[in-house]
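Engineer: quick one, structure for this:
(2 chains)
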Amino acid sequence: MTTAIATHELTKRYGEARGVEALDLEVPAGEVFGFLGPNGAGKSTTIRTLLDFQHPTSGTAEVLGMDSVAQSVEIRERVGYLPGDVHLFDHMTGQAHLDWFERARGSHDPTLVASLVERFEISLDRRVEDLSKGNRQKVGLLLAFAHRPELLILDEPTSGLDPLVQAEFDQLLREAVAEGRTVLLSSHSLDEVQRVADRVAIIRDGRLVVTNTVEQLRADAPRIMSVRLSARTDPARFRVVDGVVAATGREDWIDLRLDGDLRPALRLALEIGLDDLTARHADLDELFLGYYQDDEAR
Amino acid sequence: MATAPIAALDLRLRRKSLIGYSVGMAGYMLVIVALYPAFKNSSNLDKLTQSSEGVAALFGISGSITSPTGWISANAYANFFPLIVLLLTIGYGVAAFAGQERDGHLELILSLPYARARVAGEKIGVLVLQAVILSAVVLATLLPGPAFDLHLPLGHLTTATLGIVLLGVDFGLLAMALAASTGNRGSSLGITSAVAAASYLVATLAPLVHWAKPARYASLFYWSASNSQLEHGLGWAGLAILAGTGAILATITIRSFNHHDLRG
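Structural biologist: Numbering: from 1, shown residues only, chains lettered A, B, ... in the order given. Predicted structure coming up:
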């Protein structure tokens, strides 16, 4: 497995404020890699450091085998970047942006450009100030893909795109990966990522909390067991039981999140008096929310 | 790749304001030139400025206001012309870094495969070019002067114009250096404008105020516009100080931009 992006103890602080802390991230080449986290978790900070918009406080990052600071120009030659809220020049048309990017880069792939314009119905002849947010985002998408880069770094790329365009965008990412290219897809939305990503990393408060394949995350997902007891019971009684990671009350039911043997929790429920029970694996949404929440909130 | 894509982009973005400044300044200068025959024999005007050192100093006038050099100096080269060049260059200096960073455009530019030093270098080139174009327009409007009895020494006029170009570039570079290191539009504009105003006041008040006399040597206005440059030329010392200041500020701008963290 070759690596497209590798960070080693990458840290970025803004004075006393945290950006990211000791981040060890590895993005394999030839995959869509989902980079998930709530707003403010450190996703954009990581991306901006990879592209040398910001310099690391400590640690290093390698992109396509090159140092993110010393070889940033060479890296940006081979990377396409799309920010979530792309800031184009209001008085220029999409075509003027495309022409300027082509001159600055040296060349674009004319066949790919023509195909993207047609597929996404991109308005190139109107000034950016007259375009909707979604249509501006489509121009940004075109600029990121036009030189057929080896690595695509996409920061919340589908914000403002309608569902039909999002489906076409997912297809575009699959095609890019089929051609051997790599996509780092940053998002706060699990839904967006799980549609296309092979592997995901979840970041919270500037630290990586998990990296795994989507398949393995599903397999390792904890179980959710809901019990209806014959006597009113404080859910806190279950929180001290082995295997229980969370317990919350809901009307007559207590929802238990189990990350191990379920028998101790079941025994306690039977002791109290069990009227009804359901059990299932947590879906990815719940898993994802679990990673997002602070320990105190569980 | 294109020769200077960032410069080409910034020139495109600035062309309307550059054309506006140039047309406005050309119109103003042509009026000043055309009005000269009406004032060249006005002894009352000369008496007014000669009798009041304060009035003369405030307008940057030295010598006779009705002489060709005195007329152009009092109406443009010692005050209005440098002020307009400064508005253009300081405005661009701030917009090129802090303005584009605030608007998110700098992120778009830096996503392209260009080193920061190259980006800063091209922006400095655009700054110089704008000052040169505006000043060349002003110089060109003075060429028909002899048809209006306005005979100016061409050599001194050219070097004095060069002095204004360098003055504008220096203050534009100060704005750039501040904007490239802080990314803060307001403070970059405010500090540069305050330094420019102080520099102008020190240079113009020097003939009147005792303490300002030694301080004038620290004023870039003194070396470029407020010391009878139209009459005597820019001089090597002025050229060296203005060019040297520009070189130092350009180096600081590039180094600051290299170390600057772009805000999200």
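
Engineer: what stretches of chain A score poorly on pLDDT?
Structural biologist: Along chain A, the parts satisfying pLDDT under 70 run over A:1, A:283-284, A:292-298.

Engineer: residue of the stretch 51-200 of chain A closest to chain B, please.
Structural biologist: Per C-beta to the nearest C-beta, residue A:87 is where the stretch 51-200 of chain A lies closest to chain B, at 2.8 Å. Using the backbone N, CA and C atoms, a C-beta is placed for each residue, glycine as well.

Engineer: all helices of the stretch 1-150 of chain B, in order?
Structural biologist: With DSSP state H, counting those that start in this stretch, the ranges of helices along the stretch 1-150 of chain B come out as B:5-39, B:43-51, B:53-58, B:68-72, B:80-94, B:100-102, B:105-110, B:116-142.

Engineer: wait, which of those is closest to residue A:16?
Structural biologist: The closest of those to residue A:16 is helix B:100-102. By C-beta to C-beta, the value is 22.3 Å.

Engineer: so residue A:257 sits in a helix?
Structural biologist: No: looking at residue A:257 with DSSP: H, G, I helix; E, B strand; the rest coil, it is strand, so not inside a helix.

Engineer: that one bridge partners, please.
Structural biologist: Beta bridges link residue A:257 to residue A:224, residue A:246, judged by DSSP bridges.

Engineer: contact partners for it?
Structural biologist: Contact analysis of residue A:257 by C-beta atoms under 8 Å, 6 or more residues apart in numbering or on different chains lists A:222, A:223, A:224, A:244, A:245, A:246, A:247, A:282, A:290, A:298.

Engineer: could you double-check that the third one sits in contact with residue A:286?
Structural biologist: Read that as residue A:224. Yes: taking contacts as C-beta atoms under 8 Å, residue A:224 lies within contact range of residue A:286: 6.9 Å.

Engineer: may I have the strand ranked longest in chain A as PDB, with CA atoms only?
Structural biologist: Ranked by residue count, the top strand of chain A under DSSP state E comes out as strand A:3-14. The C-alpha trace of strand A:3-14 is given here as PDB (Å, rounded to 0.1, in the frame of the first residue of the first chain):
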ATOM      1  CA  THR A   3       0.700   6.400   1.000                       C
ATOM      2  CA  ALA A   4      -0.600   9.600  -0.500                       C
ATOM      3  CA  ILE A   5      -0.600  11.600   2.800                       C
ATOM      4  CA  ALA A   6       1.200  10.900   6.000                       C
ATOM      5  CA  THR A   7       1.400  13.200   9.000                       C
ATOM      6  CA  HIS A   8       3.800  12.600  12.000                       C
ATOM      7  CA  GLU A   9       2.900  14.200  15.300                       C
ATOM      8  CA  LEU A  10       1.500  17.100  13.300                       C
ATOM      9  CA  THR A  11       0.600  19.900  15.700                       C
ATOM     10  CA  LYS A  12      -0.800  23.300  14.900                       C
ATOM     11  CA  ARG A  13      -1.700  25.800  17.600                       C
ATOM     12  CA  TYR A  14      -2.900  29.400  17.400                       C
END
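
Engineer: that older thread, can you flag the buried ones in the contacts of residue A:257?
Structural biologist: Neighbour counting with 16 or more other C-beta atoms under 10 Å in any protein chain shown marks A:222, A:223, A:224, A:244, A:246, A:247, A:282, A:290 as buried within the contacts of residue A:257.

Engineer: of all the contacts of residue A:257, which two lie farthest apart?
Structural biologist: Comparing every pair within those by C-beta to C-beta identifies A:223 and A:298 as the most remote, at 15.3 Å.

Engineer: what about stretch A:269-282, how long is it end to end?
Structural biologist: In stretch A:269-282, first residue to last residue: 20 Å (C-alpha to C-alpha, to the nearest Å).

Engineer: what residues sit buried inside it?
Structural biologist: Neighbour count says stretch A:269-282 has A:269, A:272, A:282 buried, by 16+ other C-beta under 10 Å.

Engineer: just checking, the first one touches residue A:276?
Structural biologist: No: the pair residue A:269 and residue A:276 does not pass the contact test of C-beta under 8 Å, sitting 10.1 Å apart.

Engineer: what do these two both touch?
Structural biologist: residue A:227.

Engineer: quick one: residue A:212 from residue A:218, how far?
Structural biologist: For residue A:212, the distance to residue A:218 equals 10 Å [C-beta to C-beta, to the nearest Å].

Engineer: how far away is the residue of the stretch 1-150 of chain B found nearest chain A from residue A:140?
Structural biologist: The nearest approach of the stretch 1-150 of chain B to chain A comes at residue B:104, 2.8 Å away (C-beta to the nearest C-beta). Residue B:104 sits 11 Å away from residue A:140, going by C-beta to C-beta.

Engineer: comparing the two, which shows the higher neighbour count?
Structural biologist: Neighbours were counted for residue B:104 and for residue A:140 using other C-beta atoms under 10 Å in any protein chain shown; residue A:140 has more, 24 against 16.

Engineer: show me what contacts the nearest residue to the more buried one once chain neighbours are set aside?
Structural biologist: Once flanking residues are discounted, residue A:140 sits nearest to residue A:86: 3.2 Å by C-beta to C-beta, 6 or more residues apart in numbering or on different chains. By C-beta under 8 Å, 6+ apart, the contact list for residue A:86 reads A:136, A:137, A:139, A:140, A:143, B:104, B:108.

Engineer: tabulate the residues you listed (CSV), appending secondary structure.
Structural biologist: Shown next, in CSV, are the contacts of residue A:86 (three-state DSSP):
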residue, secondary structure
A:136, helix
A:137, helix
A:139, helix
A:140, helix
A:143, helix
B:104, coil
B:108, helix
